[in-house]
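Asks: How does the following fold in three dimensions:
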Amino acid sequence: MKHAEWKIAERLYFAQEKEQRSSRPAVRVALGGIIIGVLVMIVAISVVVGFKQEITQKVAGFGSHIQVVNFDNNSTYELQPIYVSDSLLHTIKGIPNVAYVSTFASKPGIIKTDSAFQGIVFKGTDYWDYFEQNIVEGTLPTATNEVLLSTELAKQLQLHVGDNLLCYFIQEDLRVRRLYIAGLYNTCMSELDKVFVLGDIALVRQLNTWKDNQVSGIEVLVDDFRQLENTTQAVYFATANRLDEDGNTLYTQNLQQLNPNIFGWLDLLDMNVVIIIVLMLCVSGFSIVTGLIILILDSIQLIGTLKALGADNQFVRRIFIYQAILLIGKGMLWGNVIGLGLCALQYFTHLIPLDAASYYVSYVPMAFPWGWWLVLNIGTLLLSWLILLAPSAIITQISPAKVMHFE
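Replies: So this is what the prediction gives:
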């Protein structure tokens, strides 16, 4: 059964919407402030989380979430080889949160055509899922001499699918390989697209005269990126005490350690979201306080009457707090509906574009972090309730005698 305060608050609230009262425009402004505040907070969180997920996925596509390489490496791409046994791969695969384990081999080179030349890094891999999603023309390499080139690199060198190219690998004796372009990819990560050429790991082994179980390193993908640090530690402890056939020590690094600039930039986005949320909470809070004060002033005769009939201050305060909560609830409902609707619209249609050269994505990415959404709504509701306590104290200063004088 509803309390008397709640029944009175409902009657006042719905009467407020039906009757042409002086406070109606102000209440609508307060409602609009709440809707806008909730809407903007939802969109901001969805955009930032979506953007971070998209960039993380792109960077991981080129280098995985965790890499295990030779500890004695002194170059970023010309890596010293390690011997990889089936038992080592099996050990890493058994670590919780590890989704996939593969090997890779990389080697710097130069592509030369009749009109231009470009320094590149040839990466031999056996994991193609990410690049298969980003192929824009042609197919994945299926032979040792076939490669996957980025559209940016192909445009710069005036190459097309089906063309042959000469790739020079500089070592003690210069080696040249004629490669066939099987396909073109585009990830919008121009800094990486213009560097990496993807192909068969066997080509690097041939160039370096490595054995079949020698590679540049091991790549590990994880299921839950939030557990990356814990998984990195687990991989480290599983490999740090191992020596390969040549006595090489293994070294483990994760994506954030390998790309500190990119992830430092992404971390700055979190600060932007905090600022937006604080500003929107201030806007919503100001709207709530203004709306409640106007509701109280518009019902001052009712307050005096209730007090004259014996109602205490707490009883009357609860009436207007409940009335304000109904207003907040309506604002939050519409804010959620409109905010989630806009996010869904962008998620499915990619309506709002971005400059891929600047933002690494061609459209505004969206995500639906339901945990954050729940925290945002609960936090907004609790903070709004706390904000209501101060203006509702005005009621304690109103007496029946003052109301008569006010009238």
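
Asks: Bridged to the residue nearest to residue 242 when sequence neighbours are not counted, which residues?
Replies: Nearest residue to residue 242, sequence neighbours excluded (CB to CB, 6 or more residues apart in numbering): residue 250, at 5.9 Å. From N, CA and C alone the C-beta is placed, and that goes for glycine too. Residue 250 has these beta-bridge partners by DSSP bridges: residue 70.

Asks: which ones are touching residue 250?
Replies: Applying CB atoms under 8 Å, 6 or more residues apart in numbering, we find residue 250 in contact with 68-71, 82, 239-240, 242-244.

Asks: Just the buried ones among those residues, please.
Replies: Neighbour-count burial (16 or more other CB atoms under 10 Å) is assigned, among those, to 68-70, 82, 239, 244.

Asks: Could you report the distance from the residue nearest to residue 242 to residue 73?
Replies: 11 Å (CB to CB, to the nearest Å).

Asks: cool, and residue 243?
Replies: 16 Å.

Asks: cool, and residue 247?
Replies: 15 Å.

Asks: secondary structure class for residue 114?
Replies: coil (DSSP: H, G, I helix; E, B strand; the rest coil).

Asks: For residue 281, list the residues it contacts.
Replies: 37, 41, 380, 383.

Asks: sorry, back to before: residue 247 and residue 73: which is more packed in?
Replies: residue 73 (16 against 7; other CB atoms under 10 Å).

Asks: Just say helix, strand or coil for that one.
Replies: Three-state call for residue 73 (three-state DSSP): coil.

Asks: What confidence value was assigned to it?
Replies: pLDDT, residue 73: 74.

Asks: Can I take it that residue 123 is in a strand?
Replies: Yes: if the criterion is three-state DSSP, then residue 123 is within a strand.

Asks: Show the pLDDT at it.
Replies: 92.

Asks: Can you name the residues that contact the closest residue to it other than its chain neighbours?
Replies: Computed as CB to CB, 6+ apart, the closest residue to residue 123 that is not its neighbour in sequence is residue 106, at 4.7 Å. Counting by CB under 8 Å, 6+ apart, residue 106 makes contact with 77-79, 121-124, 204, 216.

Asks: Turn those into TSV, including distance to residue 135 and neighbour count.
Replies: Putting these into TSV (distance: CB to CB, whole Å; neighbours: other CB atoms under 10 Å) gives the following:
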residue	distance to residue 135	neighbour count
77	23	16
78	28	15
79	26	21
121	19	17
122	18	24
123	16	22
124	18	25
204	22	24
216	24	26
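
Asks: farthest pair in the residues you listed?
Replies: 78 and 124 (13.5 Å; CB to CB).

Asks: Which other helices and strands does the helix or strand in which residue 319 is found contact?
Replies: Per DSSP states H and E: residue 319 is located in helix 313-349. Helix 313-349 sits against helix 4-18, helix 24-63, helix 260-298, helix 300-308, helix 370-392, with contacts defined as 3 or more CB pairs under 8 Å, 6 or more residues apart in numbering; DSSP states H and E.

Asks: from the chain's centre, how far out does whatever helix or strand comes next after that helix sit?
Replies: Next helix or strand after helix 313-349 toward the C-terminus (DSSP H and E): helix 356-359. Centroid separation between helix 356-359 and its chain, computed with CA atoms, centre = their mean, to the nearest Å, is 16 Å.

Asks: now helix 356-359: mean pLDDT?
Replies: 77.

Asks: buried ones in that helix?
Replies: In helix 356-359, counting by 16+ other CB under 10 Å, buried: residue 359.

Asks: Only the C-alpha atoms, please, for that helix, written as CSV.
Replies: Output of helix 356-359 as CSV, limited to C-alpha atoms (Å, rounded to 0.1, in the frame of the first residue of the first chain):
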residue,chain,number,x,y,z
ALA,A,356,40.5,7.9,-40.9
ALA,A,357,43.9,9.5,-41.3
SER,A,358,43.5,11.3,-38.0
TYR,A,359,41.4,9.0,-35.9
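
Asks: Count residues in the vicinity of residue 9, would you?
Replies: Counted with other CB under 10 Å, residue 9 comes out at 21.

Asks: measure the nearest residue to it once chain neighbours are set aside to residue 92 for me?
Replies: Leaving aside its sequence neighbours, residue 9 sits nearest to residue 322 (CB to CB, 6+ apart; 3.6 Å). Distance from residue 322 to residue 92, counting by CB to CB: 58 Å.
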